[in-house]
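Asks: Sequence and predicted structure, then a few things I'm wondering about:
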Amino acid sequence: MAKTVMFFVPPMEQIEIITQNIGFGMRLFHKTGCVIRAKSIGTNFSCGQGVTVGVGKYNEDLQTNLPIIGDNVWIAANATVIGGITVGNNSTTGAGAVVIHNVPENSTVVGNPARVIS
């Protein structure tokens, strides 16, 4: 006869935010495993679980190698935004995208490496 073994694992809601300038209205959905380190983040920033925003190449001056996130930006689950790039206002990054180049305003990027689809 089979036995059932049950155990409880508490949710891991770990998030690390290292940013000096954050606008109002930040929303973190599920907030599990997010690491956000940017030069600045605009208003109404939203992101899903597993998002990484941070340094691209390591050098002595980390501030020049951090992303700038505009206003009304949505970064979907498990996306990565790295390097000294700018993510434009009103843009969306698709789930799992790897963003290593500037994102134009009012656009959607997807893929690895990320490319503009609208």
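Replies: Sure, I can see it.
Asks: and I117, what does it touch?
Replies: With contact set as C-beta atoms under 8 Å, 6 or more residues apart in numbering, I117 has these partners: 108-110. The C-beta positions use only the backbone N, C-alpha and C, and glycine is treated the same way.
Asks: In strands, which of those fall?
Replies: Using DSSP state E, 108-110 are the members of these that sit in strands.
Asks: Let's have those in a markdown table, adding neighbour count.
Replies: Shown next, in a markdown table, are those (neighbours: other C-beta atoms under 10 Å):
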| residue | neighbour count |
| --- | --- |
| T108 | 17 |
| V109 | 26 |
| V110 | 18 |
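Asks: Tell me the one among the residues you listed nearest to T52.
Replies: Closest to T52 out of the ones in strands among the contacts of I117 is V109 (15.2 Å), distances taken as C-beta to C-beta.
Asks: circling back: just send the contacts of I117 back as JSON lines, with pLDDT and distance to G94 too.
Replies: Formatted as JSON lines, the contacts of I117 follow (pLDDT from 0 to 100; distance: C-beta to C-beta, whole Å):
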{"residue": "T108", "pLDDT": "98", "distance to G94": "7"}
{"residue": "V109", "pLDDT": "98", "distance to G94": "7"}
{"residue": "V110", "pLDDT": "98", "distance to G94": "3"}
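Asks: Mind putting those residues into a markdown table with distance to C47?
Replies: What follows is those, written out as a markdown table (distance: C-beta to C-beta, whole Å):
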| residue | distance to C47 |
| --- | --- |
| T108 | 15 |
| V109 | 14 |
| V110 | 15 |
